[in-house]
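K.L.:
sequence first, then the predicted structure, then my questions.
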Amino acid sequence: MLITLLLVFHLFGLISAINAVMTVRTSQGAIAWAVVLLTFPYVAVVAYWVFGRSKFAGYRSERLVSDAIIQKKHHYLLANFADFRVPAGELTAREQAAEKLVKLPYLANNAVELLIDGEATFASIITGISQAKHYILFQFFIVHDDGLGQRIKAALLDKAKQGIKIHFLYDEIGSYQLSQHYKNELRVAGIELFNFHSQKGIKNRFQVNFRNHRKVVVVDGKVAWLGGHNVGDEYLGLSKKFGAWRDTHIKITGPAVLTVQIAFIEDWYWAAEQQLSHLLWQAEAAATANIKVLILPSSPAESLETASLMFLQTINSAKKRLWLTSPYFVPDEAIIKALQLAGLRGVDVRIILPDMADHWAVYLASFTYIKAASCTGVKFFRYQQGFMHSKVMLVDDSHAGVGSANLDNRSLRLNFEITALIADSCFNAQVARMFADDFNHCREIMANELSDKPVLFRIAARIARLMAPIL
């Protein structure tokens, strides 16, 4: 009996190893999985089918259906975009590549407001919710039933009583602590609420590695919010463990809101299998600004690694300055090499990371990457005034990016993310001032910092790096 069981494990190990060789995105990952599946299948087989895949089955085909529905029912959408689309002759090569990457256009005539930290962000979102006249699209990776969660719920319930249609989407893993009572209150009020359901479909049944990490609110197709915050008291700086919480969101008004809306309805169609036929698709110029914006959704359902290519293009295009913030720094080798080359080109590369850990394995692994990039002049900083959770980049004086994507394998390959790329000198000057203030609350990380750590810490950092594909 025991021999039969061992043979079954080895057979499944062989089948899984073949699957890994055929499907895992990187050769290093494929080799690593194949070796462990063949040599130690008793644990590795289960681990592989839970953590090993990097392709999200089924979403892409359902998205094609939802896109067809959009174009069929709102055939004038592309024509409306044409009125605001930035002419190809006015786009840089970097911008043209970004458009081709996501198959969405850079749109002009937008207003973008920079929202620094939780109070500013959620005050803006709650005000926006109160002003809704037709519908609200609400999506967050994490929603807690706490003080902020109650404020959000109250705002949504108030609008539901007014007959406003509300669609509420959350990640089943990120929001696993969200109480059933909270969800029932929303449903009883007529709010349509679904989890993203990343385990939907036979091929995804045992997957817990894919997450919908997007944080998006859209009101009436006219205003959108996106960025790094989730719904919870810690994002207001009320956590006893982390204290102050440093994060960034943006508010967008104008035609680019409709491309945020497209990303939401694709996720909604996957989760709810519903068409949102009542949404508004009439693009309107912002009254106060003419900012050029590209909305860049990324996911493991794409044939290309959208987020990874976005970061690589950003790093490679920098000429004078590249400033980044990311709470998690576990990049792949391509990004490390791009950072090294930027340093060698003389680009002022500065990366702000948190000084405290909320995920210890990620925190430990980051030390090994810092050492590799620092040797060519890339500078790293640890934020001292609370927890740094912001996901922002600033390239030269021309481009900024704000969104939900981190510089780690999860955001690059496994998560559903969304980023706004913004080309506007005035907005980017605001981002530069925000970075300058953040640098004032940082300490620089020395290249030899890992070498000066105790030997057990260094060993733990190296082991954590081996786990990078699933961190």
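P.N.:
Received, thanks.
K.L.:
ends of stretch 313-333, what's the gap?
P.N.:
One end of stretch 313-333 to the other measures 15 Å (Cα to Cα, to the nearest Å).
K.L.:
now stretch 257-275: buried residues?
P.N.:
Of the residues in stretch 257-275, 257-272 count as buried by neighbour count, 16 or more other Cβ atoms under 10 Å. Bear in mind the C-beta positions are built from the backbone N, C-alpha and C, glycine included.
K.L.:
equivalent analysis for stretch 385-405, please.
P.N.:
Applying 16+ other Cβ under 10 Å to stretch 385-405 flags 386-395, 398-405 as buried.
K.L.:
same thing with stretch 3-23?
P.N.:
For stretch 3-23, by 16+ other Cβ under 10 Å, it's F9, H10, F12, G13, S16, A17, N19, A20.
K.L.:
let me know the pLDDT of the first one.
P.N.:
When you say that, I think you mean F9. With respect to pLDDT, F9 scores 67.
K.L.:
I418 in helix, strand or coil?
P.N.:
In three-state terms, and counting by DSSP: H, G, I helix; E, B strand; the rest coil, I418 is strand.
K.L.:
my read: it touches A263, true?
P.N.:
Yes: judged on Cβ atoms under 8 Å, I418 makes contact with A263 at a distance of 5.7 Å.
K.L.:
what touches both of these two?
P.N.:
Taking Cβ atoms under 8 Å, 6 or more residues apart in numbering as the contact rule, I418 and A263 both touch R214, V216, I295, P297.
K.L.:
are we agreed that the third one is in a strand?
P.N.:
It stands for I295. Yes: per three-state DSSP, I295 lies within a strand segment.
K.L.:
which strand or helix spans the closest residue in space to it that isn't next to it in sequence?
P.N.:
Residue nearest to I295 in three dimensions, not counting chain neighbours: T259, with 4.0 Å by Cβ to Cβ, 6 or more residues apart in numbering. Take DSSP states H and E as the rule and T259 turns out to sit in helix 256-272.
K.L.:
cool, and L169?
P.N.:
Following DSSP H and E, one finds L169 within strand 165-170.
K.L.:
what's the neighbour count on the closest residue to L169 other than its chain neighbours?
P.N.:
The shortest distance from L169 to any residue other than its chain neighbours is 4.2 Å, reached at Q139 (Cβ to Cβ, 6+ apart). Neighbour count for Q139, taken as other Cβ atoms under 10 Å: 26.
K.L.:
how near is Q139 to F387?
P.N.:
Distance, Q139 to F387, by Cβ to Cβ, to the nearest Å: 23 Å.
K.L.:
ok, F242 next?
P.N.:
Taking Cβ to Cβ, one finds F242 at 4 Å from F387.
K.L.:
mutual contacts of the two, please.
P.N.:
M356, D358.
K.L.:
confirm T127 sits in a strand?
P.N.:
No: under the criterion used here (three-state DSSP), T127 is helix, not part of a strand.
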